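Peer 1: requesting a structural model of the entry that follows:
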Amino acid sequence: MGDKNHSSHESNGGAEGAKREDSKVEFSEDEEKLIARMFSLVGERWSLIAGRIPGRTAEEIEKFWASKHSASNHQR
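Peer 2: Numbers count the residues shown, from 1 in each chain. Down below sits the predicted model:
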C-alpha cells in the first residue's frame, strides 16, 4: 500500500540542484571559493567539504569539482 511514498531522499534541503542530477549544478561564487579552500586543506574528502556548505551533498560537490577541473575543460 505505501509503495508510492518511499522517495524520502528527494527533499534533502538542496531542492534547487537535487532534481537535476545529470545537468550541471550551479554554485555561488562564495561556495566555489569555499570548496577550493577546503580542497586545498583536506583534499578529496567531499563529505567533509559538504558538511561546511548547507544544502549541498558530497556527490554534488565532487561532480562540480570534476567538471571544473577536467582535462577537457582546462584549455589554455
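Peer 1: tell me the mean pLDDT over the longest helix belonging to the chain?
Peer 2: Of all segments of type helix in the chain, defined using DSSP state H, the longest is helix 29-42. Per-region confidence: helix 29-42 scores 96 on mean pLDDT.
Peer 1: output the contacting helices and strands for it.
Peer 2: Packing contacts for helix 29-42, counted by 3 or more CB pairs under 8 Å, 6 or more residues apart in numbering; DSSP states H and E, involve helix 46-50, helix 58-68. (Each C-beta comes from the backbone N, C-alpha and C, glycine too.)
Peer 1: reformat those as a markdown table; add mean neighbour count, mean pLDDT and distance to residue 25.
Peer 2: Compiled in a markdown table, these are given as follows (neighbours: other CB atoms under 10 Å; pLDDT from 0 to 100; distance: least, CB to CB, whole Å):
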| stretch | mean neighbour count | mean pLDDT | distance to residue 25 |
| --- | --- | --- | --- |
| helix 46-50 | 18 | 97 | 12 |
| helix 58-68 | 16 | 94 | 5 |
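Peer 1: would CSV of the ones you listed with distance to residue 37 be doable?
Peer 2: As requested, the helices and strands packed on helix 29-42 are exported to CSV (distance: least, CB to CB, whole Å):
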stretch, distance to residue 37
helix 46-50, 9
helix 58-68, 12
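Peer 1: re earlier: give the buried residues for the longest helix of the chain.
Peer 2: The neighbour-count check on helix 29-42 (16 or more other CB atoms under 10 Å) flags 31, 34, 35, 38, 39 as buried.
Peer 1: tell me which two of those sit farthest apart.
Peer 2: 31 and 39 (12.2 Å; CB to CB).
Peer 1: just to check, residue 46 is in contact with residue 61?
Peer 2: Yes - counting by CB atoms under 8 Å, residue 46 touches residue 61, with 5.2 Å between them.
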